[in-house]
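1. I need the structure of the sequence given here:
(2 chains)
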Number of protein chains: 2
Amino acid sequence: MASDLFSQILNSAPGSLLAKQLAIPQPETLRRYRPGEPPLAGSLLIGGTGRVVEPLRAALAEDYDLVADNLGGRWADSFGGLVFDATGITEPAQLRGLYEFFTPLQRNLGPSARLVVVGTTPDEAASTDERIAQRALEGFTRSLGKELRRGATVALVYLSPAAKPAATGLESTLRFILSGKSAYVDAQVFYVGAADSTPPADWDKPLAGKVGIVTGAARGIGATIAEVFARDGARVVAIDIENAASALEETAAKVGGTALALDVTAADAVDKITEHLREHYDGHADILVNNAGITRDKLLANMDDARWDSVVAVNLLAPQRLTEGLVANGSIGDSGRIIGLSSMAGIAGNRGQTNYATTKAGMIGLTQALAPGLAEKGITINAVAPGFIETAMTAAIPLATREVGRRLNSLYQGGKPVDVAETIAYFASPASNAVTGNVIRVCGQAMLGA
Amino acid sequence: MASDLFSQILNSAPGSLLAKQLAIPQPETLRRYRPGEPPLAGSLLIGGTGRVVEPLRAALAEDYDLVADNLGGRWADSFGGLVFDATGITEPAQLRGLYEFFTPLQRNLGPSARLVVVGTTPDEAASTDERIAQRALEGFTRSLGKELRRGATVALVYLSPAAKPAATGLESTLRFILSGKSAYVDAQVFYVGAADSTPPADWDKPLAGKVGIVTGAARGIGATIAEVFARDGARVVAIDIENAASALEETAAKVGGTALALDVTAADAVDKITEHLREHYDGHADILVNNAGITRDKLLANMDDARWDSVVAVNLLAPQRLTEGLVANGSIGDSGRIIGLSSMAGIAGNRGQTNYATTKAGMIGLTQALAPGLAEKGITINAVAPGFIETAMTAAIPLATREVGRRLNSLYQGGKPVDVAETIAYFASPASNAVTGNVIRVCGQAMLGA
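-> Okay, here's the model as predicted:
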């Protein structure tokens, strides 16, 4: 889906030249998550003078190799992570603190290093001075993402000023970023709300005891989501259409879950899922991933009823109906997690995909529209927007075009399905209860956008 | 400034190949505004079933060649403009109306045609269904922008549902889009508030009787802003540094305005401007354009105090101080207009520009932070973010690189300084009183972004 965006661009006049003669430098092998390995490939420095620096040090001290903040020093270390607490910046002149913290450390970054700036949600800032300064952070981190090399990434996390000083709601986001789970998430902006949070018994099994529903789970990204959920301790309801029943059974068997062959657009889809939950899971699920989606590309001039209607039905109407239906009938109760698949096309638009992009922008709308109401039940809803992800579909793109598509980002490579799945699992975690209404691109900081 | 963004990308591994061998197709010559000429190069069709379709027809009937809405018909016409009122769309299934309206008309678009979708501001929608559907419109228009050819553009305008049915506050935005003034503004999203508006006596002299302050006016985009302001009837205070005094005098003489040699970062800048206004304009100005800006590029690893501090001082601290100071001391009174220059780098980030991008994201913050408070006085504040604009600076880029940079957008060409100036003049118009807190890219729908 997102691959189409890249191939369309590459088929444009400027892009096709790229495709012809791209040199192929070796991109860095990204460090990805493996249970039991240290979260970072080096030590972690947490600096800055805001309200979260001390709570973060306390929260991360046990699992990270924390080094003392000593900005004047010469670092023998190769850092695995740098966190700058920018919540103390309350006016634009203080933005200098970013430069003062990061500049002396730039030559000491290890491979796949993680850089994080934690700020205050601009819209909730206490003064105009603070709001301006906090909003400015985004220009800094997005630029820094384009300077980093060797698989290093940067993230901006905005924390609600209503969060208590302990800021436990921040921890799941920081642990996601400061790990191999975020290998392909670069230069994104995370919003964390005010809620406090209780850490899971085991950060390597954050979904222990949870039941997750994944639509479109027979193959590709959906199947990988099921695997990551199972790895993290969840039981999985794998859903896909009847035509994909045998692949679906394979997924379910592989993750020790159950398979439910079902067209998500069917009028009785909610009832069938509810019945399945009653039969296998005491009638209850914790997580719904609206992953199923289709493309029916055509220029708008040549669009037809079937293409328009089917894409809207599968990609937008069904996710809305499943979400609202399963919440309304109590199948997904308090503390539920809803995650939708948006797309770069939904953000930037894409030639030949007016139908698809409409639904993927609609998925962003679904996330933002339902978040406030669901919050009353402690349910969160978030979306991911994949960039160029290496799948069977992208493997079918001609080599030269594919080579260009996968390089048009700050990491100079395509992502893997697991990168999308890890981001979804982060949203799905009970510890991410303060994270709702987010749309996170899993794109290696793709150069393309709106 | 924005050109740096493109050149950085082109100097990346994938980009440099583009630069080497770009074929050079002839892009469409964009139709730009000329006083006295018809606003569009063909007739205008206004369709849809929302609350603004009839008021818009009434407002535009006199100056446009309006044709009746007859979707079933075969069009002999080559349309200059299509407006679809999507405010009647209150649930996702109704998005089909977009396809039904636009598809049969796609083969009847004239050169530089203007397509507009008018929706309801998603965050203010009355129901979750409506909010989802309205947010989805953006995926449609951004995709359509990438399909249009021959200089045609598309825009999405969100109108507050609190606007009265007459929606007079919408008119200045529609007239801007439905003219040559928006030639290089493509696939952008405009937000129009609830305020009613009084049309100017003459839409070709919307700034008649107004006084506009333009910083950085000696050359380039700033000088062009001064010219467009003067053309639209305003008297201009042209400001630039002492070093540029002779070019500044030329600008002032050309537009029949006054020159004020001044460093915007000086502690007494507000006082000096205030004094100048007292001397020449009865102590009053209507418009402030914070156009002055500098770049001091360096990778963050090599950043120094002087580069960081000077860019922040000129690009962010000075605009904030001028805006707050001139409003506070009454030099800019009720119904004032503030416009800032952001940048693509402020949105997407840019390698080598952590300092610059921080300030240009900060300019977005300034716009959003001050808009609510200024609204109480009827003052609006908005920003423009130029893409690849043909200036003396971009002319200095090596040919091949320049060729690529200017083609990486849906219009396959660079914009002109006048395109930026026209957008600023639209914000500056008294008729744009319902338009505040907007950030509009003048970029031909650049493929690059965040």
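2. pLDDT at the residue nearest to A:Leu300 when sequence neighbours are not counted, what is it?
-> Closest residue in space to A:Leu300, ignoring its immediate chain neighbours: A:Thr354 at 4.7 Å, by Cβ to Cβ, 6 or more residues apart in numbering or on different chains. In this view, the C-beta of every residue, glycine as well, is placed from N, C-alpha and C. We have a pLDDT of 98 for A:Thr354.
3. would you agree A:Thr354 is in contact with B:Tyr99?
-> Yes - contact status for A:Thr354 versus B:Tyr99: in contact at 7.3 Å, counting by Cβ atoms under 8 Å.
4. burial count for A:Gly233?
-> By other Cβ atoms under 10 Å in any protein chain shown, 16 other residues sit near A:Gly233.
5. could you check the pLDDT of it?
-> For A:Gly233, the predicted pLDDT is 98.
6. just A:Lys272 next, same as before
-> 98.
7. show me which residues of the stretch 251-400 of chain A sit near chain B.
-> Applying Cβ under 8 Å from any Cβ of the partner chain, we find that the stretch 251-400 of chain A lies next to chain B at A:299-303, A:308-309, A:312, A:316-317, A:320, A:345-362, A:364-366, A:368-370, A:373.
8. same check, this time on the stretch 101-250 of chain A
-> A:102-103, A:106-107, A:122-123, A:125, A:128, A:131-147, A:187.
9. buried subset of those residues, written for PyMOL?
-> Buried residues within those, by 16 or more other Cβ atoms under 10 Å in any protein chain shown, are selected in PyMOL with:
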select buried, chain A and resi 102+103+106+122+125+128+131+132+133+134+135+136+137+138+139+140+141+142+143+144+145+146+147+187
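10. which members of the residues of the stretch 101-250 of chain A next to chain B are positioned in helices?
-> Among those, DSSP state H puts A:102, A:128, A:131-147 in helices.
11. circling back to that earlier point, looking at A:Thr354 and B:Tyr99, which one has more neighbours?
-> A:Thr354 (31 against 21).
12. measure that one to B:Leu144 for me?
-> Counting by Cβ to Cβ, to the nearest Å, the gap between A:Thr354 and B:Leu144 amounts to 6 Å.
13. mutual contacts of these two, please.
-> Listed contacts common to A:Thr354 and B:Leu144 are A:Leu300; contacts here mean Cβ atoms under 8 Å, 6 or more residues apart in numbering or on different chains.
14. wasn't A:Met156 part of a helix?
-> Careful, residue A:156 is Leu and not Met. No - A:Leu156: not assigned to a helix; according to DSSP: H, G, I helix; E, B strand; the rest coil it is strand.
15. ok, now which ones touch the nearest residue to it once chain neighbours are set aside?
-> Using Cβ to Cβ, 6+ apart and skipping the chain neighbours, the partner closest in space to A:Leu156 is A:Thr141 (4.3 Å). Residues in contact with A:Thr141, defined by Cβ under 8 Å, 6+ apart, are A:115, A:117, A:154-156, A:187, A:189, B:349.
16. at 6 Å instead, please
-> Listed by Cβ atoms under 6 Å, 6 or more residues apart in numbering or on different chains, the contact partners of A:Thr141 are A:117, A:154, A:156.
17. ok, now A:Thr121?
-> A:158, A:160.
18. what's the top strand by length along chain A packed up against?
-> Longest strand of chain A, by residue count under DSSP state E: strand A:109-120. On a contact count with 3 or more Cβ pairs under 6 Å, 6 or more residues apart in numbering or on different chains; DSSP states H and E, strand A:109-120 meets strand A:79-85, helix A:128-147, strand A:153-159.
19. between the ones you listed, which one is nearest to B:Glu242?
-> Proximity to B:Glu242 (Cβ to Cβ) singles out helix A:128-147 among these, at 28.0 Å.
20. report the inter-axis angle for that closest one versus strand A:79-85.
-> 160 degrees (axes from the mean of the first three to the mean of the last three Cα atoms, to 10 degrees).
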